[in-house]
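> Here is a sequence together with a model predicted from it:
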Amino acid sequence: MDVSLVLTHDCNLGCTYCYAGEKFRKAMSLEVMDRALDLGFADDAAKIQLSFFGGEPLLEWGRLVRATAEAEARAAATGKKLVLTVTTNGTLLTDERAAYLAAHGFFVGLSIDGIREAHDATRPTRGGKASFDEAERGLDLLLAHDAWFETISVVDPANVRHLGATVRWLAEKGVPRIALNPNFSAEWSDEDLAAWERGYGEAAELYVARSLADQPLYINVIEDKLITHVKGGYAADDKCSMGHGAVAVAPSGNLYPCERMVEEDRDPSLRIGDVFRGIDRGRMMCLDAQSGPVNDECGGCAVKGRCMSFCACANRAETGSIGIAGGVQCWHEQMLIRIADVAGNTLWRAKNRYFLARVYAYRDVA
Ligand code: SF4
Ligand code: SF4
């Protein structure tokens, strides 16, 4: 079973949209950590993904190193493949820490909202100061150590007007994988939505230009939607598991279906057990019954298979219900599919080898 450890509720930043909720000093005990690893290694899956989240997980660097060593020892003893990931704001990275993450094969998700104006609009420190310089320093360390990583930029009304410039800047820095992550919990005006569509258009133009120039670049929103065209929609294993095969562990040991649902660990309606007693199947059935989307309009929707409205977290962020998709998400999915398909048509007509290899999974790329 894949396990996400929320090492702490604390964070040194105060992002405007933070899904972790109120910050406080509660770190995961070593006993909870060991029980969580027991859970992860208990089944007969050949692979386990161990992920570190927060708050800011690098505030608990010693715990991260200990859990990594323990998981590596267990993987060696059981023959399981271990995949390590960490999602961090990057401000606490040092040369030694970046070297450690690269040496242990971590996949790092670095949260940075883009160019200075975009980042500082949404990701201030807890004291209200700018954090761009520290985040960029973290990005530069990952690049210098040739770490396996992607940037994660939250698209929010406060930074959406910089989206095109952000994607170009990240590409120029040498970021190999760019993830754009919509904030569906925000209030979006018509002008904001128009800026969002322009920004995605610019991202798609860059995606096409880089592929044609033999410098392919992964941009999640564009490439993932193109793959759904080829596959005829999202496959079952593309979707969040909601506790089936993966759990998030709060510092207290409580279990949740997804790390985004841990928040302050105060909502029992989202809990699915704890590390001491394991997963509560009754709670799982209860959450499964609420999964969606249940919107009437989705039933006959032509793009339902390519729509992310199965995502409980996205639904909950906008509508408060894990099974009800919101209007902004519905607009976003249809807008994004249109833009991605235009980019895909251009690359298809050009018979671009990177596009064919990555989206159509052809094997003949040199
Ligand atoms: S860095 Fe992450 S945990 Fe910290 S405030 Fe920002 S979104 Fe929340
Ligand atoms: S695009 Fe809208 S109507 Fe279609 S499946 Fe998604 S949320 Fe439902």
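Arrived safely, thanks for sending. Keep in mind that this is a model prediction, so the values were computed, not measured. Ligands and ions are numbered 1, 2, ... in the order given.

> Tell me how many other residues surround Lys26.
A count of neighbours around Lys26, defined by other C-beta atoms under 10 Å, yields 16. All C-beta atoms are positioned from the backbone trio N, CA, C, and that covers glycine.

> my bad, should have said Asp274
Asp274 has 19 nearby residues by other C-beta under 10 Å.

> Then Ala289?
By the criterion of other C-beta under 10 Å, Ala289 has 8 neighbours.

> so Ala71 sits right up against Lys81, yeah?
No. The criterion here is C-beta atoms under 8 Å, and Ala71 misses it with Lys81 at 11.4 Å.

> Strands along the chain, start to end?
2-6, 47-53, 81-88, 107-111, 148-155, 177-182, 218-219, 246-249, 254-256, 273-274, 278-279 (DSSP state E).

> So what touches the worst-scoring helix or strand of the chain on mean pLDDT?
Lowest on mean pLDDT, DSSP states H and E among the helices and strands of the chain sits helix 281-290, with a mean of 78. Residues outside helix 281-290 that contact it (C-beta atoms under 8 Å, 6 or more residues apart in numbering): 242-244, 257, 270-273, 312, 321-323.

> out of those residues, who has the most neighbours?
Pro257 (27 neighbours).

> quick one, phi psi at it?
phi -70, psi -20 (degrees, to the nearest 10).

> That one and Asp267 touch, don't they?
No. Contact between Pro257 and Asp267 fails when scored by C-beta under 8 Å: they sit 11.9 Å apart.

> For burial, what's the neighbour tally of the closest residue in space to Ser309 that isn't next to it in sequence?
Excluding its sequence neighbours, the residue lying closest to Ser309 (C-beta to C-beta, 6 or more residues apart in numbering) is Ala325, at 3.7 Å. When neighbours are defined as other C-beta under 10 Å, Ala325 has 26 of them.

> cool, and Gly300?
Number of residues near Gly300 (other C-beta under 10 Å) recorded here: 7.

> likewise Cys311?
Cys311 is flanked by 23 other residues according to other C-beta under 10 Å.

> what about stretch 15-28, average pLDDT?
Averaged across stretch 15-28, the pLDDT comes to 92.

> Kindly report the same for stretch 163-178.
98.

> List the buried residues in it.
Using 16 or more other C-beta atoms under 10 Å as the test for burial, stretch 163-178 gives 163-164, 166-171, 175, 177-178.

> ditto for stretch 75-91
Of all the residues in stretch 75-91, those buried under the rule 16+ other C-beta under 10 Å are 75, 80, 82, 84-91.
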